[in-house]
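Chemist: my questions concern the predicted model and sequence given below.
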Amino acid sequence: MIALIIILALVAFAVLMIIGIYNGLVTLRNRYKNAFAQIDVQLKRRYDLIPNLVETAKGYLKHERETLEAVIQARNQAVNAANKAAQTPGDPSAMRGLKGAETGLAGALGRLFALSEAYPDLKANQNMMSLQEELASTENRIAFARQAFNDSVMVYNTTREKFPNVIFAGMFGFNQAELFEIEGGKERETPNVKFS
């Protein structure tokens, strides 16, 4: 009789432990998904600023159509990549796609800003200066949101990989989550959006 009670107690303990592991991983996964939602909000804000930036520059950069079109194309690719990543935050392929699209957008914006330096009237345009401030502010918000997301992913991945969690994580479909990092030295820098 005592042996049966001990066996039932061990089984109950094991079940409670598995439930605790599962619930803990669900909580951590939801945290990093929420953290990515904050990135998504800021990315959308930036994506909404870019067409205004292009429209403002369009009147001054009449002979630079290729640059303006490259910015819009890079923005559209980044929007698509962000939408895919928002559906499955942490998914390695979605995060790699977003990283690549964001790198392309930063490069296109960098070319636009470098080109705009040659147009003093554009640099002095009040609307352009206002957009510059908004974009710089948004870049800072994205950086903070990305840090919070990466912290959440790190906690999730670490918890997922600890013993005995690692045994049950795979069975329950808790896969490794991907960080949202900008690779390379130049891409890590905030785009220079200064017009003065």
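Modeler: Arrived safely.
Chemist: which other residues reach stretch 59-72?
Modeler: Residues outside stretch 59-72 that contact it (Cβ atoms under 8 Å, 6 or more residues apart in numbering) are 50-51, 53-54, 57-58, 105, 108-109, 111-112, 115-116, 119, 121-122, 125. Bear in mind the C-beta positions are built from the backbone N, C-alpha and C, glycine included.
Chemist: pull out the buried members of those residues.
Modeler: Buried subset of these (neighbour count, 16 or more other Cβ atoms under 10 Å): 50, 53-54, 57, 105, 108-109, 111-112, 115-116, 119, 122, 125.
Chemist: in the chain, where is pLDDT below threshold?
Modeler: Scanning the chain for pLDDT under 70 picks out 183-196.
Chemist: go with 50
Modeler: By pLDDT under 50, the weakly predicted segments of the chain are 185-188, 194-196.
Chemist: name the helices or strands packed onto the lengthiest helix in the chain?
Modeler: Counting residues, the longest helix found in the chain (DSSP state H) is helix 2-58. If you count contacts as 3 or more Cβ pairs under 8 Å, 6 or more residues apart in numbering; DSSP states H and E, helix 2-58 packs onto helix 65-87, helix 92-116, helix 126-161, helix 165-171.
Chemist: distance of Ala94 from Lys123?
Modeler: Taking Cβ to Cβ, to the nearest Å as the measure, Ala94 and Lys123 are separated by 37 Å.
Chemist: these two - which one has more neighbours?
Modeler: Ala94 (20 against 17; other Cβ atoms under 10 Å).
Chemist: count the neighbours of the closest residue in space to the more buried one that isn't next to it in sequence for me.
Modeler: Excluding the flanking residues, the one nearest Ala94 by Cβ to Cβ, 6 or more residues apart in numbering is Ala85, at 4.3 Å. Ala85 sits with 26 neighbouring residues when counted by other Cβ under 10 Å.
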